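A.B. asks: here is a sequence together with a model predicted from it:
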2 protein chains.
Amino acid sequence: MLILSLVEARPRHGYEISKLIEQRSGGTVRFHVASLYPLLYRLEKRGWLQGRWVEKTGQRRRRYYRLTPRGRRVLASQRRGWQIFVEAINRITETENA
Amino acid sequence: MLILSLVEARPRHGYEISKLIEQRSGGTVRFHVASLYPLLYRLEKRGWLQGRWVEKTGQRRRRYYRLTPRGRRVLASQRRGWQIFVEAINRITETENA
DNA sequence: TCCAATATGTGGCTATGCCATATATAGATT
DNA sequence: AATCTATATATGGCATAGCCACATATTGGA
């Protein structure tokens, strides 16, 4: 859901995604490279992301991932699922004044 | 955090905990026995829970777990961590109107 | 007699994140 | 010239931990 959300508005490359996750979470959530890249491959294999190599002079090659229509539907579903999950966890873990 | 929360107010046994998680989450969150019991042992080993066998006639023996002072502190910390985590995830996954 | 609910328990599989390490380029520092 | 940092992608192997399937035992209802 994190990755799909970040490439929702525009294509991004792996390194950019990992930096965004770290920045926006205030360092709370970190995605290590050894998790990130294999995950990107899985998402692409599932047809949720579409990757494209972009080469520019004076820059290392980057692989930009964009959200596929299928990925967009999955993301919407994941957002709903996340909401339901958080509410469920909160109901379970609420302090009981017993 | 789920388990520690559920034994916060009073001691409960494993089966009761698993049923409570399923009920309170509306079936969203399920803890299978093969996850639950090993987890209870881990929590007891860490000193967060204290288990006690209770035998009553006309009932199968049950192991009731209560929260230790150490477990209480851990639970408070986990609740804070969960809040911070959810906020971080929400910040990352917010829809961008770009 | 059979079935469902209650209650605890485990071997093995699988998914997945992380450690450590690797490769490669560019710019800044020493 | 050499070193360090940031950028950027990549992978082998390890550890954690949940789940499938199965097992054991008791009580009560159909």
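C.D. replies: Received the coordinates, thanks.
A.B. asks: what score does A:Glu55 have for pLDDT?
C.D. replies: With respect to pLDDT, A:Glu55 scores 87.
A.B. asks: wait, I meant A:Arg60
C.D. replies: 80.
A.B. asks: for it, grab phi and psi.
C.D. replies: Reported as degrees, to the nearest 10, the phi and psi values for A:Arg60 are phi -70, psi 150.
A.B. asks: how deep is it tucked in, by neighbour count?
C.D. replies: 8 (other C-beta atoms under 10 Å in any protein chain shown). In short, each C-beta sits where N, CA and C put it, glycine included.
A.B. asks: same thing with A:Arg52?
C.D. replies: 11.
A.B. asks: before we move on, what about the one 10 residues further on?
C.D. replies: Using other C-beta under 10 Å, A:Arg62 is surrounded by 16 other residues.
A.B. asks: and the residue nearest to it when sequence neighbours are not counted, how far from A:Val33?
C.D. replies: Distances taken as C-beta to C-beta, 6 or more residues apart in numbering or on different chains place A:His13 nearest to A:Arg62, at 4.1 Å, with adjacent residues excluded. Taking C-beta to C-beta, to the nearest Å as the measure, A:His13 falls 13 Å from A:Val33.
A.B. asks: who's more crowded, those two?
C.D. replies: A:His13 (19 against 10).
A.B. asks: what separation do you get for the more buried one and DNA strand C?
C.D. replies: 13 Å (C-beta to the nearest atom of the strand, to the nearest Å).
A.B. asks: up against chain B, what does chain A have?
C.D. replies: A:1-2, A:5-6, A:8-10, A:20-21, A:24-26, A:28-29, A:79, A:82, A:84-86, A:88-89, A:91-98 (C-beta under 8 Å from any C-beta of the partner chain).
A.B. asks: repeat that with 7 Å
C.D. replies: By C-beta under 7 Å from any C-beta of the partner chain, the part of chain A that sits against chain B consists of A:1-2, A:5, A:8-10, A:21, A:24-26, A:28-29, A:79, A:84-86, A:88-89, A:91-93, A:95-96, A:98.
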